[in-house]
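Participant: 3D, please:
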Amino acid sequence: MATAIWAFVGNVTERQLDGFEVRASDGSIGTVDKATYEVDASYIVVDTGPWIFAKRVLLPAGVIQRVERDAGIVHVGRSKDEIRSAPEFEGGSVTNAYRDRLGRYYGGGADATPPASARSGGKQVAGRDRHAPDERTRDELYEQAKRLGIEGRSKMNKRELARAVARAEGAKASSGSKAAKANPIEVQRFLDGVRYPTRKGDLLQEAKSSGASAEVRSTLERLPDKRFEAPTEVSEAIGKLSRRA
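Facilitator: Have a look, this model is predicted:
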């Protein structure tokens, strides 16, 4: 079993994470109930509460992308569906057999594709089961990313390209219907790198490079083409969109 999936990366250190909010790529999933910091065996246990998965889930440390310590937020590079379909965590001690299965699932090994029963409710993206391994080569994915106008594609590995392309293809497939409006909090999650003052085009570029959903991008596209002095002005403008709808 590869150990990288069980090791913290980036700005994550052995400082306390208990109680932090955990956000998947498509929204919050709960709070950290427990965190371990063993060498090549680190993980967090997330209490999802009765309103999300109604259970606790175990996430290897390697799926954590970054931690906002001041805000108390742990960002996880997996979707809610991916986490929901992972091998079930029964609680109690973590056995070697369970670690192996979970490591293969999140690390892209033999258990990485959920069973058909778990995929049956998943969305199809451009005729492709989004949980199924993408068999296109990196060059093919790169060319598709180029056609879709995905930012930062030249720095992505095959796995990152596959995810970015899947998101973009899903947004394109649903472009025929009106995208739902995102609320200001959802939008601001993808604008951490913006320097103010700024304009709508810069907001859109930052959101795209951060992997924002179609709803977030659609909301930003509807903003007035003006100079925004601070994040609060962006949030206020989004609120006005909601009131006019």
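Participant: Okay, now the unreliable bits of the protein?
Facilitator: The model of the chain has pLDDT under 70 over residues 1-3, 10-15, 51, 108-135, 170-180, 242-245.
Participant: Look up the closest residue to Phe8, ignoring the ones flanking it.
Facilitator: Excluding its sequence neighbours, the residue lying closest to Phe8 (C-beta to C-beta, 6 or more residues apart in numbering) is Ala61, at 4.4 Å. Glycine gets a C-beta too; all of them are placed from N, C-alpha and C.
Participant: Equivalent analysis for Thr219, please.
Facilitator: Among residues not flanking Thr219 along the chain, Ala182 sits closest, at 4.5 Å (C-beta to C-beta, 6+ apart).
Participant: For the one you found, what is the enclosing helix or strand?
Facilitator: Under DSSP states H and E, no helix or strand contains Ala182.
Participant: For the residue nearest to Phe8, give me its contacts.
Facilitator: Taking C-beta atoms under 8 Å, 6 or more residues apart in numbering as the contact definition, Ala61 lies against Ile5, Trp6, Ala7, Phe8, Val9, Val12, Ser42, Tyr43, Ile44.
Participant: Dihedrals phi and psi, the third one?
Facilitator: Geometry field for Ala7 lists phi and psi as phi -120, psi 140, criterion degrees, to the nearest 10.
Participant: distance between stretch 42-52 and the chain's centre?
Facilitator: Relative to its chain's centre, stretch 42-52 lies at 16 Å (C-alpha atoms, centre = their mean, to the nearest Å).
Participant: Flag every buried residue along it.
Facilitator: Ser42, Tyr43, Ile44, Val45, Val46, Asp47, Thr48, Ile52 (16 or more other C-beta atoms under 10 Å).
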